[in-house]
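Novice: Predicted model, plus sequence, below.
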Amino acid sequence: MTQTVDREQHWDVVIIGAGAAGLMCAIEAGRRGRRVLVLDHANRVGKKILMSGGGRCNFTNMYSGPEHFLSANPHFMKSALSRFTPWDFIALVERHGVAYHEKKLGQLFCDRSSKDIVALLLEECDAADVTVRTKAPVHDIRTGEPHALDTAVGAVTCASLVIATGGYSIPKMGATGFGIDFARSLGIAVQPTRAALVPVILDARTRERLGDLAGVSLDTETAAGGATFRENILFTHRGLSGPSVLQASSYWQPGGPLEIDLFPGLDLAAHIREVRARRPGLALRTLLAERLTRRVARRWCELWCPDRPLGELGDADVDAVVRACQPWTVWPEGTEGYRTAEVTLGGVDTAALSSKTMACRDHPGVYFIGEVVDVTGHLGGHNFQWAWASGHAAGQHV
Ligand code: FDA
């Protein structure tokens, strides 16, 4: 059914995308007295917020700062992040009485449900007199003064047009390449995009050897492309996941290795020698199991490590154990792609945008915010913090 916008069809601001960034921008612009229309093609707003953090939305990170972001320009995000900090969002959460807790590493989650965050945003939109329309795809845009849009809620014009349509990840939830395609249609450069914060797939032989370890989780240090993350990995039927691998996936280049230290913080060779001197009869697999779990230790001894008592291990054997564990080097075949990725790496080139306002330099009154921009956060609440901060920045200017 086609909805119509009953008020006159000219708006100060039209925002395409009612996700985290779009709603934050709408709230800020509405508070400044701008007439704001938000359009989303989905049947409800904030679908990714609802599914995030396992249903509890990891809505920010207390330590969010530029060092937690990837971009072709590592300085671009600094301005917006410094003008809307995690504490600004926390203050909003507290004003609405949303109960939350720190899970680990500064990651803040709702106690109850992600629905609390969506409800908070919609209440703020109401208070700022923002109009939000769902099931409202945009068919055509002609930029100009004003911009003219052909939409499912009729033809609308606006002075400021904000693109907040996110990235490609999870197409099933309504993700599209709309923002990227629109940027290209304006001649704006786009940094190459790929799935990030995503599980990796191992080759068929390794899957066969390790597939039955699916579900086992280990504390590791995983490195790729010069970045290292100390968190858990998780064996899956197809490969590896868990926070440590998801983080590293953002730095991993196709064809490259992931280097996984299975004994982080420990000099494994020295440890084996030290225990060997005291307990020569101890089986290597028992020693490895202290960190690796019994199942993984047994498999490593079947595949790569000598399955003998420590007293029978020579220096070459100890070297073999270290080679298999510190790091364990894997060469992923690929990633699970946008089907399961939390974010899209790359996007609208920040060189085209003002870091203060998120406005396009060469297209007056056009803005890009949130994940569609080439700014990608680490796992742990940083991507929402970027959505809030970039939405806030544009909201002061539109
Ligand atoms: P977002 O994708 O949220 O919103 C875009 C909106 O645009 C959507 O409502 C969509 O329907 C709409 N849209 C798309 N195409 C359109 C079109 N053609 N026309 C009209 N509307 C269109 N981050 C984090 O910090 N903490 C977390 O806990 C999680 N957890 C998490 C779990 C899962 C499963 C995923 C997939 C992602 C996360 N993330 C996350 C990442 C986070 O969800 C993401 O970075 C932000 O939602 C990005 O906000 P945006 O507003 O930019 O895009």
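Specialist: Looks like it arrived, so ask away. Not measured: the values here are computed from a predicted model.
Novice: What's the nearest residue in the stretch 101-250 of the chain when you look at the ligand?
Specialist: When Cβ to the nearest ligand atom is the measure, the stretch 101-250 of the chain has its nearest residue to the ligand at residue 166, with 2.6 Å between them. Where you see a C-beta, it was placed from the backbone N, CA and C, and this is true even at glycine.
Novice: Touching, that residue and residue 17? I think so.
Specialist: Yes - using Cβ atoms under 8 Å, residue 166 is in contact with residue 17, at 6.2 Å.
Novice: For whichever helix or strand residue 21 is part of, what does the pLDDT average out to?
Specialist: Using DSSP states H and E, residue 21 sits in helix 20-31. The average pLDDT within helix 20-31 is 98.
Novice: what's the helix or strand following that helix in contact with?
Specialist: Per DSSP H and E, the first helix or strand lying C-terminal to helix 20-31 is strand 36-39. Outside strand 36-39, the residues that touch it by Cβ atoms under 8 Å, 6 or more residues apart in numbering are 5, 11-18, 22-23, 26, 29-30, 45, 125, 128-133, 136-138, 151, 153, 156, 158.
Novice: Try it again at 7 Å.
Specialist: The list of residues contacting strand 36-39 from outside it, by Cβ atoms under 7 Å, 6 or more residues apart in numbering, reads 5, 11-16, 18, 22-23, 26, 29-30, 130-133, 136, 138, 151, 156.
Novice: Filter these down to the buried ones, ChimeraX style.
Specialist: Buried residues among those (16 or more other Cβ atoms under 10 Å), as a ChimeraX selection:
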select :5,11,12,13,14,15,16,18,22,23,26,29,30,130,131,132,133,136,138,151,156
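Novice: Check the contacts of strand 36-39 one by one and keep those near the ligand.
Specialist: Filtering those for neighbours of the ligand using Cβ under 6 Å from any ligand atom leaves 16, 18, 22, 138.
Novice: Could you check how far the third one is from residue 88?
Specialist: The span separating residue 22 from residue 88 equals 18 Å under the rule Cβ to Cβ, to the nearest Å.
Novice: by contact count, what packs against the longest helix along the chain?
Specialist: Using DSSP state H, we find that the single longest helix of the chain is helix 284-303. Helix 284-303 sits against strand 217-224, with contacts defined as 3 or more Cβ pairs under 7 Å, 6 or more residues apart in numbering; DSSP states H and E.
Novice: need the next SSE after the strand it packs on, C-terminal direction.
Specialist: Strand 217-224 is succeeded, C-terminally, by strand 227-235 (DSSP H and E).
Novice: Off-centre distance for that next one?
Specialist: 15 Å (Cα atoms, centre = their mean, to the nearest Å).
Novice: Okay, helices next: where are they in the stretch 101-250 of the chain?
Specialist: Assigned by DSSP state H, counting those that start in this stretch, the helices in the stretch 101-250 of the chain fall at 115-127, 178-185, 204-210, 243-249.
Novice: how much space is there between the nearest residue to residue 107 once chain neighbours are set aside and residue 170?
Specialist: Take residue 107 and drop its neighbours on the chain: the residue closest to it by Cβ to Cβ, 6 or more residues apart in numbering is residue 380, 4.6 Å away. Residue 380 sits at a distance of 18 Å from residue 170 (criterion: Cβ to Cβ).
Novice: okay, these two: which has more neighbours?
Specialist: The residue with more neighbours, out of residue 380 and residue 170, is residue 380; 27 against 19, by other Cβ atoms under 10 Å.
Novice: I figured the more buried one was touching residue 109, is that so?
Specialist: No - Residue 380 is not in contact with residue 109 according to Cβ atoms under 7 Å; the separation is 10.3 Å.
Novice: so what's the residue nearest to residue 107 scoring on pLDDT?
Specialist: Residue 380 is assigned a predicted lDDT (pLDDT) of 98.
Novice: Then residue 5?
Specialist: At residue 5, pLDDT is 48.
Novice: Ok, the one 3 residues further on next?
Specialist: According to the predicted model, the pLDDT of residue 8 comes to 58.
Novice: interface residues of the stretch 151-300 of the chain facing the ligand?
Specialist: Residues of the stretch 151-300 of the chain lying close to the ligand (Cβ under 6 Å from any ligand atom) are 164-166, 169-170, 174-176, 178.
Novice: mind running it again at 5 Å?
Specialist: Residues of the stretch 151-300 of the chain lying close to the ligand (Cβ under 5 Å from any ligand atom) are 165-166, 170, 174, 176, 178.
Novice: Where does pLDDT dip in the chain?
Specialist: Per-residue confidence for the chain (pLDDT under 70) gives these ranges: 1-8.
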